[in-house]
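Engineer: Next come a sequence and a model predicted from it.
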Protein chains: 2
Amino acid sequence: MNAWALETGSKLPPLVPGKLRLYSMRFCPYAQRALLMLNAKGLDHEVVNVNLARRPEWYNDVLPAGTVPVLYQDEKVISGSMPIAEYLEEAYPQPRLLPSDPYLKALDRSFLDSALACASLIGSISMKRGSKEEHWANFIKKIGLFEKELGKRKTTYFGGDQPGLVDYVVWPAFPPALAFSKLYPDLKMPAAEEFPLFSRWLQAMRGHPVVKATVNEDHVFLYAKSGQEGDRDYNAGLQK
Amino acid sequence: MNAWALETGSKLPPLVPGKLRLYSMRFCPYAQRALLMLNAKGLDHEVVNVNLARRPEWYNDVLPAGTVPVLYQDEKVISGSMPIAEYLEEAYPQPRLLPSDPYLKALDRSFLDSALACASLIGSISMKRGSKEEHWANFIKKIGLFEKELGKRKTTYFGGDQPGLVDYVVWPAFPPALAFSKLYPDLKMPAAEEFPLFSRWLQAMRGHPVVKATVNEDHVFLYAKSGQEGDRDYNAGLQK
């Protein structure tokens, strides 16, 4: 249940009383936000991965908004990556991943207000919607905002000397971006000298234990490649 | 300062110590979110309206994200309609406009996750981007979500028997939508029988004192008309 994507014909595994369950797709950047938050909080949980091309019969009943991620716990159901991330922060305050001061929290939210679009820009390349060069150019513009914000904060991570909610919710755009920069010679990640603070952040996030335990970059690359070749492999990198 | 839009050549009025200042544009649905929250909380504040076509020289210094709304109070600066709305809720908890229970708050945020797009759909019609028929069709689909959610909640407003944060932040799409439905015969608001709960909500919001004190629908109509005719009047309805 924790890896192989359930597809048409699969049975819906019964909920475990009290246990958090995340409906996910291993390579969905929105679902990754929720998963990183669960892991950063050290919360016991289970993941049900779904094959979005051959959807299980129970898909619409279980995913009321029609998309992953959805978080369940007993009768509680929360849809949407940011509502889930904010819920986990409020319901499980330790470790704290957003400042408790309302103004500092507002600064995090203001930054996210523009930075979160990274995921949809990369998602459009992934889904082959519109011009990939144009999406990439807008993505690189957003990286300019990262550089500026890290310069203001004077810390390695947006969250300080450890990643916080901001880091975990913006991060999931980067593994697919790195994959696309390998797949397409014209999609170049910026040079370290151009955006030194961003580049330090990128390396720090790639090496952080919470990120490493959640996202396998080699698998993301295989998935990105399969998608661009036209046969999206929801189980990329797994052995059945 | 509270109405006429400041333009090129205007002086930046000095901040009043301790006082909340909202940089706004009278017909921006995002700025309206912030304004409705300020009024619903009964917070003393001042509004600086900006002419977006003939921007004041101080525009970029004062509006770091390049857009309204921005909230100032002394050295505090918050950009973005939702960060401002959430900040006002946290910093000024009375009257409470979001549930305090994390799960109920998550349900509000999940609904907003899809409903907030109403503003950008109507904004695209306002800015004449893409096909207005297509944006309108997507807007009407969102109204279907309103109907469903109000049916679940079994209350007049999303916030209960009084509007809450959800109501105030989704509302600003509707005055321009009503204006467009008058300007264009093919953009029809749904019949009351089709979406009875939504229609009751719409009428209740239109008549609510906080909404009536914030948005003048006749002025919104004049602004929408001027924009569609090609000469956006940021001071529509005002006498100099």
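Structural biologist: Sure, I can see it.
Engineer: Going by C-alpha atoms from here, please, whenever you check contacts or count neighbours.
Structural biologist: Will do.
Engineer: Now for A:Glu46, which secondary structure element holds it?
Structural biologist: In the assignment (DSSP states H and E), A:Glu46 maps to strand A:45-49.
Engineer: okay, that strand in PDB with CA atoms only?
Structural biologist: Extracted C-alpha coordinates of strand A:45-49, given in PDB (Å, rounded to 0.1, in the frame of the first residue of the first chain):
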ATOM      1  CA  HIS A  45       0.900   7.600   8.600                       C
ATOM      2  CA  GLU A  46       0.200   5.500   5.600                       C
ATOM      3  CA  VAL A  47       0.200   6.400   2.000                       C
ATOM      4  CA  VAL A  48      -2.200   5.100  -0.700                       C
ATOM      5  CA  ASN A  49      -0.800   5.800  -4.100                       C
END
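Engineer: which parts of the following helix or strand past that strand are buried?
Structural biologist: Downstream of strand A:45-49, the next assigned helix or strand under DSSP H and E is helix A:59-62. By 16 or more other C-alpha atoms under 10 Å in any protein chain shown, the buried positions in helix A:59-62 come out as A:Tyr59, A:Val62.
Engineer: For helix A:59-62, which outside residues touch it?
Structural biologist: Residues outside helix A:59-62 that contact it (C-alpha atoms under 8 Å, 6 or more residues apart in numbering or on different chains) are A:Gly66.
Engineer: same check, this time on stretch A:172-184
Structural biologist: Contacts of stretch A:172-184 (C-alpha under 8 Å, 6+ apart): A:29-30, A:32-33, A:118-119, A:122, A:187-189, A:215, A:217, A:220-221, A:224-225.
Engineer: what do you get for stretch A:64-71?
Structural biologist: A:20-25, A:28, A:30-31, A:34, A:59-60, A:63, A:77-81, A:84.
Engineer: Check stretch A:106-118 too.
Structural biologist: With contact meaning C-alpha under 8 Å, 6+ apart, stretch A:106-118 is reached by A:98, A:139, A:142, A:145-146, A:149, A:166, A:169-170, A:173, B:78-80, B:83-84, B:86-87.
Engineer: Restricted to buried residues, select the contacts of stretch A:64-71 in PyMOL.
Structural biologist: Buried subset of the contacts of stretch A:64-71, written as a PyMOL selection, criterion 16+ other C-alpha under 10 Å:
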select buried, chain A and resi 20+21+22+23+24+25+28+30+31+34+59+63+77+78+79+80+81+84
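Engineer: Could you list which of the contacts of stretch A:64-71 belong to helices?
Structural biologist: Judged by DSSP state H, helices contain the following of those: A:Tyr30, A:Ala31, A:Ala34, A:Tyr59, A:Asn60, A:Ser81, A:Ile84.
Engineer: Closest to A:Phe158 out of the residues you listed?
Structural biologist: A:Ala34 (17.6 Å; C-alpha to C-alpha).
Engineer: pretty sure A:Gly144 contacts A:Phe195?
Structural biologist: Yes - A:Gly144 is within contact range of A:Phe195, at 7.4 Å (criterion: C-alpha atoms under 8 Å).
Engineer: coming back round to it: okay, who's weakest in the contacts of stretch A:172-184 by pLDDT?
Structural biologist: Across the contacts of stretch A:172-184, the smallest pLDDT goes to A:Val215, namely 92.
Engineer: Which residues are in contact with that one?
Structural biologist: A:Val215 makes contacts with A:Gln32, A:Pro175, as judged by C-alpha under 8 Å, 6+ apart.
Engineer: got the residues of chain A near chain B?
Structural biologist: A:76, A:78-80, A:83-84, A:86-87, A:90-91, A:102-103, A:105-107, A:109-110, A:113 (C-alpha under 8 Å from any C-alpha of the partner chain).
Engineer: All the strands of chain A, residue numbers only.
Structural biologist: Counting by DSSP state E, chain A has strands at residues A:20-24, A:45-49, A:70-73, A:76-79.
Engineer: In TSV: the ones you listed, plus mean pLDDT and distance to A:Thr8.
Structural biologist: Formatted as TSV, these follow (pLDDT from 0 to 100; distance: least, C-alpha to C-alpha, whole Å):
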stretch	mean pLDDT	distance to A:Thr8
strand A:20-24	98	15
strand A:45-49	97	13
strand A:70-73	98	19
strand A:76-79	98	22
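Engineer: related to what we said a few turns ago, which of the contacts of stretch A:106-118 count as buried?
Structural biologist: Using 16+ other C-alpha under 10 Å, the buried ones in the contacts of stretch A:106-118 are A:98, A:139, A:142, A:146, A:149, A:166, A:169-170, A:173, B:78-80, B:83-84, B:86-87.
Engineer: and the two most separated of the residues you listed?
Structural biologist: A:Phe139 and B:Tyr87 (27.6 Å).
Engineer: Bridging across strands, which residues link to the nearest residue to A:Val48 once chain neighbours are set aside?
Structural biologist: Nearest non-adjacent residue to A:Val48, counting by C-alpha to C-alpha, 6 or more residues apart in numbering or on different chains: A:Tyr23, 4.8 Å away. With DSSP bridges as the criterion, A:Tyr23 is bridged to A:Val48, A:Val70.
Engineer: A:Tyr23 is in contact with A:Leu52, isn't it?
Structural biologist: No - using C-alpha under 8 Å, A:Tyr23 makes no contact with A:Leu52, being 11.5 Å away.
Engineer: now for the biggest helix by length in chain A, which elements pack on it?
Structural biologist: Using DSSP H, we find that the single longest helix of chain A is helix A:132-153. Helices and strands touching helix A:132-153, by 3 or more C-alpha pairs under 8 Å, 6 or more residues apart in numbering or on different chains; DSSP states H and E, are helix A:102-115, helix A:117-126, helix A:196-207.
Engineer: again, only this time at 6 Å
Structural biologist: If contacts are counted by 3 or more C-alpha pairs under 6 Å, 6 or more residues apart in numbering or on different chains; DSSP states H and E, helix A:132-153 sits against helix A:117-126.
Engineer: Okay, now the unreliable bits of chain A?
Structural biologist: In the predicted model of chain A, residues A:1 satisfy pLDDT under 70.
Engineer: Domain parsing of it, as residue ranges.
Structural biologist: Using the TED database, the domain parsing of chain A gives A:20-95, A:102-207.
Engineer: Could you identify which of the ones you listed is most buried?
Structural biologist: domain A:20-95 (a mean of 20; mean count of other C-alpha atoms under 10 Å in any protein chain shown).
Engineer: now, among the contacts of stretch A:172-184, which is nearest to A:Met205?
Structural biologist: Looking across the contacts of stretch A:172-184 and measuring by C-alpha to C-alpha, the closest to A:Met205 is A:Val215, at 11.0 Å.
Engineer: Quickly note the distance from the closest one to A:Val16.
Structural biologist: From A:Val215 across to A:Val16, the span is 25 Å (C-alpha to C-alpha, to the nearest Å).
Engineer: nearest residue to A:Lys132 other than its sequence neighbours?
Structural biologist: A:Ile125 (5.3 Å).
Engineer: Repeat that for A:Arg153.
Structural biologist: Per C-alpha to C-alpha, 6+ apart, closest to A:Arg153 is A:Gly160, 8.0 Å.
Engineer: thinking again about what came up before, ok, the residue nearest to A:Lys132 to A:Ala236 distance?
Structural biologist: A:Ile125 is 18 Å from A:Ala236, by C-alpha to C-alpha.
Engineer: same check, this time on A:Val169
Structural biologist: 23 Å.
Engineer: How about A:Ala192?
Structural biologist: 30 Å.
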